[in-house]
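J.: Sequence below, structure please.
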Amino acid sequence: MFPRKKFYRARAHCNPLSDARFSVKYDWRNHYPSTGGSSRILSDLQVEFVDVGCGFGGLLVNIAPVFPEHFAIGLEIRDKVSQYVKERCKALRKRHKGVYEKISCIRTNSMKFFPNYFRKGQLSKLFFLFPDPHFKTANHRRRVIQRTLLAEYAYALRIGGLLYTITDVEGLSSWMSDKISAHPCFQQLSSEEIKTDPVVPYLSTGTEEGTKVKRNQGNTYLKVFRRVPGPT
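T.: Residues are numbered from 1 along each chain as shown. Predicted structure coming up:
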């Protein structure tokens, strides 16, 4: 039986700078049953795709059949929402055997604990889809794309790996693009390069927020950056 969203409602906004406690120790056997009961840590399973702020898990569910060989994890700070994604994954595994075994979700604060989960150069794709814009200037420090955090993202993303951002807020898109472009470890892709990426069609229509924007005939702003060798 699929979980119903109405039982997992949560506030749309959450303060990532609060002192809420999160455990960084997990039994990964509960996340990926296809590992055959292995007690290995997440990095040993070679998770390559990470959706930061995954919401209700739309992207994870949509890319699972497209990339069946890759483990993907969603990081979500809201308790009820992360629980919904976990239950959704379990229900999909029962209904579609062998398709959704490699997706799951962790409740965590990625702005504080991202480096606890991944080792250097482990990731090939890192997604920031429709992040909270935190419109007030005083709250810009709560935005998930920050100059200091980009060093952590670059550490986990392998050379040649891709970082994706998409939003319906033009000002936020410019903010994120300016921050990432200024970092020596990232290089923005051209529109021609973006068109050839098989995951791009799922970024705007494969998520709940993207579907909402499309329904309201809003605009979306997609930027993709390649991880490049930094200065020596």
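J.: Hmm, Val85 is touching Cys105, no?
T.: Yes: counting by CB atoms under 8 Å, Val85 does reach Cys105; the two are 3.8 Å apart. Heads up, the C-betas are built off the backbone N, CA and C, glycines and all.
J.: can you list residues touching both of these two?
T.: Shared contacts of Val85 and Cys105, defined by CB atoms under 8 Å, 6 or more residues apart in numbering, are found at 54, 57, 60, 74, 76.
J.: Give me the secondary structure label for the third one.
T.: What it means is Leu60. Using DSSP: H, G, I helix; E, B strand; the rest coil, the structure places Leu60 in helix.
J.: ditto for the first one
T.: Per three-state DSSP, the local secondary structure of Cys54 is coil.
J.: Run through the residues that contact it.
T.: 60, 74-76, 85, 105.
J.: What does it show for phi and psi?
T.: Per-residue torsions, Cys54: phi -70, psi -10 (degrees, to the nearest 10).
J.: That one and Asn219, how far apart?
T.: Per CB to CB, to the nearest Å, Cys54 is found 23 Å from Asn219.
J.: Could you do the second one as well?
T.: According to CB to CB, Gly57 stands 24 Å off from Asn219.
J.: what's the answer for the third one, then?
T.: Leu60 sits at a distance of 25 Å from Asn219 (criterion: CB to CB).
J.: just how off-centre is stretch 157-174 within its chain?
T.: 11 Å (CA atoms, centre = their mean, to the nearest Å).
J.: what do you get for stretch 167-175?
T.: Relative to its chain's centre, stretch 167-175 lies at 17 Å (CA atoms, centre = their mean).
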